[in-house]
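A.B. asks: 3D model of this:
(one chain, ligands or ions: 1)
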Amino acid sequence: MAIKTSSLPLQKTQEAVSKLLVDYLESSIKRESNVLNQYPPEFINEALKTKSFFENGFGSVEALSNFLKTYLIHTNHLHHPGYMGHQVAVPQSLSGIPDWIHGTINNPSSLYEMGPAGAALEGYMIHWMLDQFGWFKGTDYNDFKRYPANGSGFLTHGGSIANLTALSAARAEIAPEAWNEGSPKDIVVMGPDNAHYSILRALSIMGMGKNSYVPVAVDENEIIDTQALELVYKKIQNEGKRVMAVIGNACATATGLFDPLDELADFCEKHHLWFHVDGAHGASAILVPSERHKVKGIERADSLIWDAHKMLRVPALCTAVLFRNQHHQWNCFHQKGSYVFHDSQVVGIDSMPFTIECTKSALGTKLYWSFALEGEQAIRDFIAHSFTQAKELYTLMQNHPDFYCPYPPASNILCFQYKPDILTNQEQLALRYEIINSSPFYITSCEIKGKRYLRVVLLNPLTQLSDFKSLIKAIEVRAEKVIS
Ligand SMILES: Cc1ncc(COP(=O)(O)O)c(C=O)c1O
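C.D. replies: Numbering: from 1, shown residues only. Now for the predicted structure:
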């Protein structure tokens, strides 16, 4: 029987897809539709003719194009300047090309020989990242000899996996027997009460249970109270337990505020504790001289995670796990797969022994591409700009009698309430849905100390001051609808 492979003409199909994507970008940028038009999944699958194509194939370029046109309608249009949503990068218009390349050639880069070019770019970018924290001591990012003074790292699929990897390395340090025998019962992790949920999830996955996370009090804006560290530590010791790691937020997911990393590093140094910085969003502050002080102390961490798909304009997912001391990376997973991990010297860099995933995408290519499109400085300028955008919106809201911002922004995340004396928590949330369902804006929401806030994450460089003014107007108008 002849197996059908591809009946669609290669070039014509790719050209049709490319044209539709260009149209999509242009119309998003021109605000031709709202950021998001929400429909139920049943409606979307009907509109896409999902069942028919699944069973019979697209059959023609026209049918595939119609499918894609419909698909693109039912997306969250991140390139629309009204997108002020989750911590998901607005990629540059040409950022999708590495995913297209990867999807075409399918060279997973965790094993060097399966994707040499992607792995080489990953190695280069990891050296560049390490250098931002003073953890690369060489002179050439393209020098892959093993220098003991260098830190180390690799890319992985997302911040949640990255936190799990870093915490596994921390456990390998304090309890190396855990790999074979399971987690000892006497190890815990300390950190801010508002650590990202992936930290607790990691502890559960590691068999330590989420109760092994000992929360340290946070202040009214959910920044860790470093005064409380010693007391918590004493309590842990009195219970006969050992601290496996101390977590610092850089920055906190909801508020975008940074924990005082230098003070956390002092505490960790004093007690010889592993210091892990969750820099998924805010480690990027290191790239802007005027914002760098916010992550002072990050360079004293033992492990650090940094999401490129948040602030570095890289399409999801792409996260770096970095270690100040490279032997922590080598010790992390004590597992062998004879078909992949060779004892003898092999050409290139295999990240597979260190990553949770066995096969991984060509993440280095995506990361490199984002910088190579316009050059390194363009990414630094983008981060500086997005932090400035948050300050601009904050100033507008501060000067408006009906808006309340609990703190000045420290990053590109800003939380606020509209008429907090009148609107309940539930109504603040209802206001968010009014905005995303019936206005050209997309915003998010969060809780700080049990109170509901509206929240923006400013990642679109095309968002203008006039958009902020229109957002304020849109909120004023929509609020009338939600006040009961
Ligand atoms: C501080 C922090 N850590 C970890 C994560 C998880 O990252 P990811 O969504 O890449 O898994 C997030 C996501 O928003 C985050 O804000």
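A.B. asks: hang on, Y368 in a strand?
C.D. replies: No. Using DSSP: H, G, I helix; E, B strand; the rest coil, the assignment for Y368 is helix, not a strand.
A.B. asks: Please report how far it lies from T165.
C.D. replies: Using CB to CB, to the nearest Å, one gets 21 Å for the distance from Y368 to T165. No exception for glycine: its C-beta is placed from N, CA and C like everyone else's.
A.B. asks: Of these two, give the one with the bigger neighbour count.
C.D. replies: Legend: neighbour count by other CB atoms under 10 Å for Y368 and T165, higher for T165 (25 against 21).
A.B. asks: Dump the C-alpha coordinates for whichever strand or helix holds that one into CSV.
C.D. replies: Using DSSP states H and E, T165 sits in helix 159-174. Listed next in CSV are the C-alpha coordinates belonging to helix 159-174 (Å, rounded to 0.1, in the frame of the first residue of the first chain):
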residue,chain,number,x,y,z
GLY,A,159,10.0,28.2,34.3
SER,A,160,8.1,25.5,36.1
ILE,A,161,10.4,22.7,34.9
ALA,A,162,13.3,25.1,35.5
ASN,A,163,12.3,25.5,39.2
LEU,A,164,12.0,21.8,39.6
THR,A,165,15.4,21.3,38.1
ALA,A,166,17.1,23.9,40.3
LEU,A,167,15.4,22.5,43.4
SER,A,168,16.5,19.0,42.5
ALA,A,169,20.1,20.3,42.3
ALA,A,170,19.7,21.9,45.7
ARG,A,171,18.5,18.6,47.1
ALA,A,172,21.4,16.7,45.5
GLU,A,173,23.7,19.0,47.5
ILE,A,174,22.1,18.5,50.9
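A.B. asks: pLDDT at N425, what is it?
C.D. replies: As predicted, N425 sits at a pLDDT of 95.
A.B. asks: With T165 instead?
C.D. replies: pLDDT at T165 comes out at 97.
A.B. asks: Same question for I349.
C.D. replies: 83.
A.B. asks: need the contact list for it.
C.D. replies: Contact analysis of I349 by CB atoms under 8 Å, 6 or more residues apart in numbering lists 112, 119-120, 122-123, 144.
A.B. asks: Output those in a markdown table; the columns should cover distance to the ligand.
C.D. replies: Putting the contacts of I349 into a markdown table (distance: CB to the nearest ligand atom, whole Å) gives the following:
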| residue | distance to the ligand |
| --- | --- |
| Y112 | 25 |
| A119 | 21 |
| A120 | 24 |
| E122 | 17 |
| G123 | 22 |
| F144 | 27 |
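A.B. asks: Any chance of TSV for the residues you listed, columns secondary structure?
C.D. replies: Shown next, in TSV, are the contacts of I349 (three-state DSSP):
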residue	secondary structure
Y112	helix
A119	helix
A120	helix
E122	helix
G123	helix
F144	coil
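A.B. asks: Relative to the ligand, how far out is I422?
C.D. replies: Look at I422 and the ligand: by CB to the nearest ligand atom, to the nearest Å, they are 31 Å apart.
A.B. asks: how about that residue, secondary structure?
C.D. replies: coil.
A.B. asks: Run a quick neighbour tally on it.
C.D. replies: Neighbour count for I422, taken as other CB under 10 Å: 11.
A.B. asks: same deal with the one 4 residues further on?
C.D. replies: The number of residues packed near Q426 is 11, by other CB under 10 Å.
A.B. asks: Near the ligand, which residues of the stretch 1-150 of the chain are found?
C.D. replies: Contacts of the stretch 1-150 of the chain with the ligand, taken as CB under 6 Å from any ligand atom, map to Q87.
A.B. asks: Show me what residue of the stretch 1-150 of the chain gets nearest to the ligand.
C.D. replies: Taking CB to the nearest ligand atom, the ligand has its nearest neighbour within the stretch 1-150 of the chain at Q87, 4.8 Å off.
A.B. asks: excluding its backbone neighbours, what's nearest that residue?
C.D. replies: K310 (4.7 Å; CB to CB, 6 or more residues apart in numbering).
A.B. asks: per-residue confidence for that neighbour?
C.D. replies: Residue-level pLDDT assigned to K310 equals 98.
A.B. asks: number of nearby residues for it?
C.D. replies: 25.
A.B. asks: Please give me every residue in contact with it.
C.D. replies: K310 touches 87-89, 159, 280-281, 284, 459, counting by CB under 8 Å, 6+ apart.
A.B. asks: Please confirm that it is located within a helix.
C.D. replies: Yes. Under three-state DSSP, K310 sits within a helix.
A.B. asks: Give me the longest helix you can find in this structure.
C.D. replies: With DSSP state H setting the assignment, residue counts place helix 376-398 as the longest helix in the chain.
A.B. asks: what's downstream of it, the next helix or strand?
C.D. replies: Scanning forward in sequence from helix 376-398 by DSSP H and E, the next helix or strand is strand 403-404.
A.B. asks: Please name every helix or strand in contact with that following strand.
C.D. replies: Judged by 3 or more CB pairs under 8 Å, 6 or more residues apart in numbering; DSSP states H and E, strand 403-404 is in contact with strand 413-418.
A.B. asks: Starting from the strand it packs on, tell me which strands it pairs with and how they run.
C.D. replies: strand 403-404 (antiparallel), strand 451-457 (antiparallel) (DSSP bridges).
A.B. asks: any chance of these in a markdown table, plus mean neighbour count and mean pLDDT?
C.D. replies: As requested, the strands paired with strand 413-418 are exported to a markdown table (neighbours: other CB atoms under 10 Å; pLDDT from 0 to 100):
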| stretch | mean neighbour count | mean pLDDT |
| --- | --- | --- |
| strand 403-404 | 18 | 97 |
| strand 451-457 | 22 | 97 |
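A.B. asks: buried stuff in the helix or strand encompassing M190?
C.D. replies: Element membership for M190 (DSSP H and E) is strand 187-192. Residues 187-192 are the ones in strand 187-192 that count as buried (16 or more other CB atoms under 10 Å).
A.B. asks: And stretch 290-307, by the same measure?
C.D. replies: 291, 294-307.
A.B. asks: do stretch 471-481 as well
C.D. replies: 471-472, 474-475, 478-479.
A.B. asks: So for it, mean pLDDT?
C.D. replies: The average pLDDT within stretch 471-481 is 94.
A.B. asks: ok, how many other residues are close to P9?
C.D. replies: Neighbour tally, P9, other CB under 10 Å: 12.
A.B. asks: nearest residue to it other than its sequence neighbours?
C.D. replies: V61 (6.8 Å).
A.B. asks: The one you found: what's it in contact with?
C.D. replies: So V61 contacts 8-9, 12-13, 16 (CB under 8 Å, 6+ apart).
A.B. asks: can you check P315 too?
C.D. replies: Listed by CB under 8 Å, 6+ apart, the contact set of P315 reads 89, 91, 95-96, 99, 309, 366.
A.B. asks: between those, which is nearest P420?
C.D. replies: Set against P420, the nearest of the contacts of P315 by CB to CB is A89 (30.9 Å).
A.B. asks: Which strands and helices lie in contact with the helix holding T165?
C.D. replies: Against helix 159-174 (3+ CB pairs under 8 Å, 6+ apart) you get helix 178-181, strand 187-192, helix 197-205, strand 242-249, strand 275-278, strand 303-307, strand 319-323, helix 326-331.
A.B. asks: which regions of the stretch 101-250 of the chain lie under the pLDDT threshold?
C.D. replies: Scanning the stretch 101-250 of the chain for pLDDT under 70 picks out nothing.
A.B. asks: Nothing else from me, thank you.
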